[in-house]
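S.K.: Can you look at this prediction? I've put the sequence above it.
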Amino acid sequence: MGLQPAVCTSCGGSINVDDINLNGYGECQFCGVGYKVIDVITIDGLPTLKNHIDSAAISIKMGNLEKAVKSYNEAILLKPNCHEAWWGLYLCNDSFDRYYGYQDKYGNKGMNVKASIIYNTLEKYAFRAIEYAPPEMASYYKTQISDHVNFLESLNNPSQSNSKNSGSAKSGCYIATAVYGSYDCEQVMVLREFRDNVLLKKSWGRIFVKMYYSISPKLVKYIRKDSKLEQNIRSGLDFLITKVNK
């Protein structure tokens, strides 16, 4: 965890404060006086950062998303890796996308336009929040974007021409996406290529793919609730990827 210096208001000594947990505590290394982060007004940026996050939350409750976006952007100026701010920006911009019916600035609509808008919002905000967040919060964020990720995967169907042979299998690598947090990351792309170029070209592979898609939606639900299971599955997929890349 990164630490930021603060100054004790009692003796002027240095205080170490956790800059990840905005509600954490610090203690003066000289006189031992304890401080809550929000109470130490001399910590560089932290109280202001906390205020911006709180202000944004209030603005969202009041329905003023434009003001919330401004507060989140100000928070990011103070702390570029603030996952709370990036996630807040995602929620606000996703709401804008929904409100305008997923149409672009030229008024164009349709599945491809919708997919492009959803992906851009995920890439710009949600994936950054996942990258910067602690593991538990990252897992939570992944569950919240799963519907959008599954929608994008349903359109990304390079094996559609093999649909007669692959049964009801969909193109999305649901389990891989769940553990890696993005349908378009390098690991998931490798696994999709392995599916399309190897598995779907063999009879036993098509059977495996069909079985995979029959159980993956249920398994994803367990993955979202069990971080240890998620880590174990990711380790297994990492091992598979190393074999595929050889």
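M.R.: Arrived safely.

S.K.: Now do the domain split for the protein, please.
M.R.: Domains of the chain are assigned by automatic domain parsing as 3-39, 47-133, 135-246.

S.K.: Output those domains as a markdown table; include the columns mean neighbour count.
M.R.: For every residue, glycine as well, the C-beta is placed using N, CA and C. Listed next are those as a markdown table, based on neighbours: other Cβ atoms under 10 Å:
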| stretch | mean neighbour count |
| --- | --- |
| domain 3-39 | 15 |
| domain 47-133 | 17 |
| domain 135-246 | 16 |
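
S.K.: hey, least reliable of these by pLDDT?
M.R.: Note on the domains of the chain: domain 3-39 shows the lowest mean pLDDT, a mean of 56.

S.K.: What ranges does the protein have for its strands?
M.R.: 3-7, 14-18, 25-28, 34-36 (DSSP state E).

S.K.: Regarding this structure, what is its longest helix?
M.R.: helix 203-225 (DSSP state H).

S.K.: Which neighbouring elements make contact with that helix?
M.R.: Of the remaining helices and strands, those touching helix 203-225 by 3 or more Cβ pairs under 8 Å, 6 or more residues apart in numbering; DSSP states H and E are helix 135-144, helix 163-166, helix 174-180, helix 227-244.

S.K.: can you tell which of the ones you listed is closest to residue 199?
M.R.: helix 163-166 (9.0 Å; Cβ to Cβ).

S.K.: How much space separates the closest residue to residue 241 other than its chain neighbours from residue 243?
M.R.: Distance criterion Cβ to Cβ, 6 or more residues apart in numbering; nearest residue to residue 241, sequence neighbours excluded, is residue 190 at 5.3 Å. For residue 190, the distance to residue 243 equals 11 Å [Cβ to Cβ, to the nearest Å].

S.K.: what does residue 120 give?
M.R.: Taking Cβ to Cβ, one finds residue 120 at 33 Å from residue 243.

S.K.: do residue 69 as well
M.R.: Counting by Cβ to Cβ - residue 69 and residue 243 are separated by 44 Å.

S.K.: how long is stretch 72-90 end to end?
M.R.: 10 Å (Cα to Cα, to the nearest Å).

S.K.: Now for residue 95: which residues touch it?
M.R.: residue 65 (Cβ atoms under 8 Å, 6 or more residues apart in numbering).
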